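Trainee: Structure, please.
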Amino acid sequence: MTEGSQVCHVAQPDLALARTLAANARGFLRATPEDAYHDRLQDRYHRLAIALELALKSYLASRGYSDAANRRIGHDLRRAADTARAEGLALQTAIERLIDDAHPFFMEGGFHRQHRTDWSRDRADRAAIELEALVANIAAPIGAR
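Mentor: Residues are numbered from 1 along each chain as shown. Sure, this is the predicted structure:
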């Protein structure tokens with residue numbers, strides 16, 4: 001870990017935290033119905049972005065990143081993804097596209113302040129499928145439900 005990143009490991013992974021984060025990620029995935037109307041796609045993207053953030057932080061917690069280290073990453077999906085990749089996590093194309101679509105909006109608080117109409121239902125559907133698989137792959141080794 002580089003000194004400038006200010007992200008650090010703890011001696012032992014916090015598996016309870018990792019499990020909680022994975023369970024919360026699953027909760028946000030369940031709250032993203034596939035049949036959301038187009039005008040509700042923004043809400044779906046918001047929940048997918050939150051689920052992704054929680055999944056990535058679950059992975060990092062399982063690798064020894066402290067809650068404080070995860071908090072320093074904040075809501076920065078790119079930084080969380082880059083850090084998780086550096087720890088060995090592979091992200092599928094639809095997840096990368098979700099980051100591309102949601103990250104700038106997520107970082108600027110746009111989900112609460114602006115309404116976009118150019119969200120892609122197909123991209124959201126693909127991201128949801130790959131995110132479900134990602135959460136399952138993160139949750140299984142740590143015994144998360």
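
Trainee: Beyond the helix-or-strand element of the chain with minimal mean pLDDT, next helix or strand please.
Mentor: Across the helices and strands of the chain, mean confidence by mean pLDDT, DSSP states H and E is lowest for helix 110-113: a mean of 72. On the C-terminal side of helix 110-113, the closest following helix or strand by DSSP states H and E is helix 121-142.

Trainee: sorry, back to before: check which helices and strands the least confident helix or strand of the chain is in contact with.
Mentor: Judged by 3 or more Cβ pairs under 8 Å, 6 or more residues apart in numbering; DSSP states H and E, the packing partners of helix 110-113 are helix 41-62. Every residue, glycine included, has its C-beta placed from N, CA and C.

Trainee: do you know how far Val135 is from His112?
Mentor: Applying Cβ to Cβ, to the nearest Å, the value for Val135 to His112 is 24 Å.

Trainee: Which one of those two is surrounded by more residues?
Mentor: Val135 (25 against 7; other Cβ atoms under 10 Å).
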